[in-house]
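Visitor: predicted model and sequence below, questions to follow.
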Amino acid sequence: MCRSSGALQRFAKRAFDIIISTTALIVFSPLFLLVSLAIKIESRGPIFVTVTMYGYDQAEFQIFRFRSNACLASGEQESRSTAVGWALHRTGIDRFPVIVNVLLGDISIVGTCLFVARPAMALQRHILQLAPTSRFKPGITGWAQVHRSPDEHIWQKATPRQIQGDNYYMTNWSLCLDAKLIFMTLTSIKSYAVT
């Protein structure tokens, strides 16, 4: 089962993603409602914002987050964080809506690193050539996430160690490895570090 055929494994991985993301949305729906109300009460503007990412087959998609910054009269975000936004960012709750992206199939629970979020387009393409993430969807967690160092921001930049970790994951991908990485994520404090 750990080293099943590629098609069967991909089907099992997608089914797992759907089950986990659906369950998580149901379980966390009260929290989503409370956070949404807090954001709307504190400041004008949308509840959710999106960040451009590059995922499977280098396809561009929008990842969802709770808004943590204030909005100008024009509706554009400014650099100043709101009090609620600061708390959401420090606890990592602002990233919870990424569960929706799992359900939509943009990303997986376990996958390659989401380091292709913010660099310039040319650098993003260079990173994708170094670590061919087009073979696998990005993941909420993964090998690079659980083996990160304290000074690494997993969603902002690629380091040689992260690229090596992604390549190891893609070479050794199995359902058992996914289960192991999920367990490591849940039991490792550094996996939740917010930078």
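Guide: Here it is on my side, so go on.

Visitor: only C-alpha atoms, please: export stretch 20-34 in PDB.
Guide: Below are the C-alpha coordinates for stretch 20-34, written out as PDB (Å, rounded to 0.1, in the frame of the first residue of the first chain):
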ATOM      1  CA  ILE A  20      -9.500  15.900   5.600                       C
ATOM      2  CA  SER A  21     -10.300  19.400   4.100                       C
ATOM      3  CA  THR A  22     -14.100  18.800   4.300                       C
ATOM      4  CA  THR A  23     -13.800  17.600   7.900                       C
ATOM      5  CA  ALA A  24     -11.600  20.500   8.800                       C
ATOM      6  CA  LEU A  25     -14.000  23.000   7.300                       C
ATOM      7  CA  ILE A  26     -16.900  21.600   9.300                       C
ATOM      8  CA  VAL A  27     -14.900  21.400  12.600                       C
ATOM      9  CA  PHE A  28     -13.500  24.900  12.200                       C
ATOM     10  CA  SER A  29     -16.600  26.500  10.900                       C
ATOM     11  CA  PRO A  30     -17.400  28.200  14.300                       C
ATOM     12  CA  LEU A  31     -13.900  29.700  14.300                       C
ATOM     13  CA  PHE A  32     -14.300  30.900  10.700                       C
ATOM     14  CA  LEU A  33     -17.500  32.600  11.700                       C
ATOM     15  CA  LEU A  34     -16.000  34.300  14.800                       C
END
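
Visitor: okay, buried residues for it please.
Guide: 20-21, 24-25, 32 (16 or more other Cβ atoms under 10 Å). Quick note: C-beta positions are derived from backbone N, CA and C, even for glycine.

Visitor: then stretch 97-115?
Guide: 97-102, 106-115.

Visitor: helix or strand: which one has the spatially most central residue of the chain?
Guide: Closest to where the C-alpha atoms of the chain average out (Cα atoms, centre = their mean) is residue 140, at 3.8 Å. Taking DSSP states H and E as the definition, one finds residue 140 inside strand 139-141.

Visitor: and stretch 30-37, how far out from the chain middle?
Guide: Distance of stretch 30-37 from its chain centroid, counting by Cα atoms, centre = their mean, to the nearest Å, is 20 Å.

Visitor: quick one: mean pLDDT over it.
Guide: Mean per-residue pLDDT for stretch 30-37: 95.

Visitor: how about the strands in this structure?
Guide: 48-54, 60-66, 69-71, 77-81, 108-110, 139-141 (DSSP state E).

Visitor: tilt between the first one and strand 60-66?
Guide: Relative orientation of strand 48-54 with respect to strand 60-66: 150 degrees, computed using axes from the mean of the first three to the mean of the last three Cα atoms, to 10 degrees.

Visitor: alright, calling it a day.
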